[in-house]
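Asker: Following is a predicted model, sequence given first.
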Amino acid sequence: MPKKLNARVVGAKSTRRVGTPKPAEADAAARFYYKGNRLKQLRAFVYITRMGTLSRAAEALFLSQPSVSLQLKALEREMGAPLVERTRRRITLTDAGEALYEIARPLVEGFENLDREFHLKTRGRPGGKLTVAAGSSTIQYLLPELVKAYRERHPDVHLQLANVTGKDGLALLRADEADIAIGSMLDVPQDIAWAPVYHYDPMLIMPPDHPLATKEDITLEDLSPYGLILPPQRLTTFRLVDMVFQQRHVPYTVAIEVGGWDVIKQYVAMGLGISIVTGICITEADKQRLVVRNLRRYFPQRSYGVVMRKGKFLSPEARAFIDLIRPGLLTHRDYDESGHSER
């Protein structure tokens, strides 16, 4: 009897087809195959975290939403823990997800920048390139010290400052022709991350012999009889001034419309009108030739900060510049929030 049983066993073994993996071999093969796709799953996870929803992540990755969802589920299964919490509006990270994101983000970013870093090293340009989009006032009054510090720390980086309006700056970001933008925003589009850092009060400026120069408490109605010198209508300052006067039903007159804070200050000093400017452009020298009054009572502060396209992986050069402004600015939470600015 035992011999027949052994015969059956031997016969069963002999029927295994050549090339069919044993169970242990199959498990090993599955793990190997899975690890070959690990980067795709981590990339999907990082994009989901950055973009905030599966649909936006899928769009950024040029994949279908079910594919991204399957990659996330596979990663959660392999990690043995839920990585995200799904709500109706957006996805948030669990504690395990937070831990994995901190590990996965630099890995995925390194892979995203692999070609670029390779070409930089093989072409003999170790410093790389950084393009920052900004308006004239930002370049003139806010960036000089930052640029000086950046050049001292990263002398090999080719730094380009693109002098553009806010609308054109957003176009450069969306076309990947600028790494980041520095400036002020009123409305924040859904695809843009905005991190305000510097805040400036609105200031009334006038020549020393102006009738309002001796008055400390100036109301909006006090400004009505006098012509204003303002930037062009397409710029944020004009829009803010017009909005406040319209909301309070106070009439006002624009005497001169001209671009450039320095030009406006010069015309005010010449007695050609008064102006409402952002505190960023007021220097100590200006306080010697102009009378300055704070109008924060009526007008909102203007905030300046870092602007970038959501889902964009920052180059080391861009991260270094942002860290000069504020270390850790524009984390993944900042990417997620579409936000709205009152500035």
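Answerer: Structure received.

Asker: Please count neighbours and contacts with C-alpha atoms only from this point.
Answerer: Will do.

Asker: which sections of the stretch 151-300 of the chain are below the confidence cut-off?
Answerer: For the stretch 151-300 of the chain, not a single residue meets the criterion pLDDT under 70.

Asker: Residue 110 looks like it's in a helix, true?
Answerer: Yes: assigned with DSSP: H, G, I helix; E, B strand; the rest coil, residue 110 falls within a helix.

Asker: what's the spacing between it and residue 39?
Answerer: From residue 110 across to residue 39, the span is 11 Å (C-alpha to C-alpha, to the nearest Å).

Asker: ditto for residue 272
Answerer: Relative to residue 39, residue 272 is positioned 64 Å away (C-alpha to C-alpha).

Asker: Same question for residue 310.
Answerer: To residue 39, residue 310 is 21 Å away according to C-alpha to C-alpha.

Asker: Which of the two has more residues huddled nearby?
Answerer: residue 310 (24 against 15; other C-alpha atoms under 10 Å).

Asker: what about the more buried one, distance to residue 291?
Answerer: 42 Å.

Asker: same check, this time on residue 191
Answerer: Residue 191 sits 41 Å away from residue 291, going by C-alpha to C-alpha.

Asker: The stretch 201-343 of the chain: strands as residue ranges?
Answerer: 202-206, 227-230, 253-257, 275-278, 291-294, 302-309 (DSSP state E, counting those that start in this stretch).

Asker: Using PDB, write down the CA coordinates of the first one.
Answerer: Just to be clear, that refers to strand 202-206. Extracted in PDB, the C-alpha atoms of strand 202-206 (Å, rounded to 0.1, in the frame of the first residue of the first chain):
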ATOM      1  CA  PRO A 202      -1.200 101.000   1.400                       C
ATOM      2  CA  MET A 203       0.300 104.500   1.600                       C
ATOM      3  CA  LEU A 204      -1.000 107.900   0.500                       C
ATOM      4  CA  ILE A 205       1.800 110.100  -0.800                       C
ATOM      5  CA  MET A 206       1.700 113.800  -1.500                       C
END
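
Asker: what's in contact with it?
Answerer: Identification of contacts with strand 202-206 by C-alpha atoms under 8 Å, 6 or more residues apart in numbering yields 213, 265, 268-269, 271, 273-279, 290-296, 299-302.

Asker: what about 7 Å?
Answerer: 213, 268-269, 274-279, 290-296, 299, 301 (C-alpha atoms under 7 Å, 6 or more residues apart in numbering).

Asker: try the longest one
Answerer: Among residues not part of strand 302-309, those counted as contacts by C-alpha under 7 Å, 6+ apart are 173-174, 180-184, 191-201, 278, 343.

Asker: again, but for the fifth one
Answerer: With C-alpha under 7 Å, 6+ apart as the test, strand 291-294 has contacts from 201-208, 213.

Asker: For these, work out which two are farthest apart.
Answerer: The most widely separated members of the contacts of strand 291-294, counting by C-alpha to C-alpha, are 201 and 208 (20.7 Å).

Asker: related to what we said a few turns ago, tell me which of the strands of the stretch 201-343 of the chain sits nearest to residue 44.
Answerer: Of all the strands of the stretch 201-343 of the chain, strand 302-309 sits nearest to residue 44, with 17.8 Å by C-alpha to C-alpha.

Asker: on that earlier part again, which single one of the contacts of strand 291-294 is nearest to residue 71?
Answerer: Nearest to residue 71 among the contacts of strand 291-294 is residue 201, at 48.1 Å by C-alpha to C-alpha.

Asker: mind listing what the residue nearest to that closest one when sequence neighbours are not counted touches?
Answerer: Leaving aside its sequence neighbours, residue 201 sits nearest to residue 301 (C-alpha to C-alpha, 6 or more residues apart in numbering; 4.8 Å). Contacts for residue 301 (C-alpha under 7 Å, 6+ apart) come out as 199-202, 343.

Asker: Which of those residues ranks first by neighbour count?
Answerer: Neighbour counts for the contacts of residue 301 peak at residue 202, which has 22 neighbours (criterion: other C-alpha under 10 Å).

Asker: mind listing what the closest residue to that one other than its chain neighbours touches?
Answerer: Nearest non-adjacent residue to residue 202, counting by C-alpha to C-alpha, 6+ apart: residue 278, 4.7 Å away. By C-alpha under 7 Å, 6+ apart, the contact list for residue 278 reads 200-203, 302.
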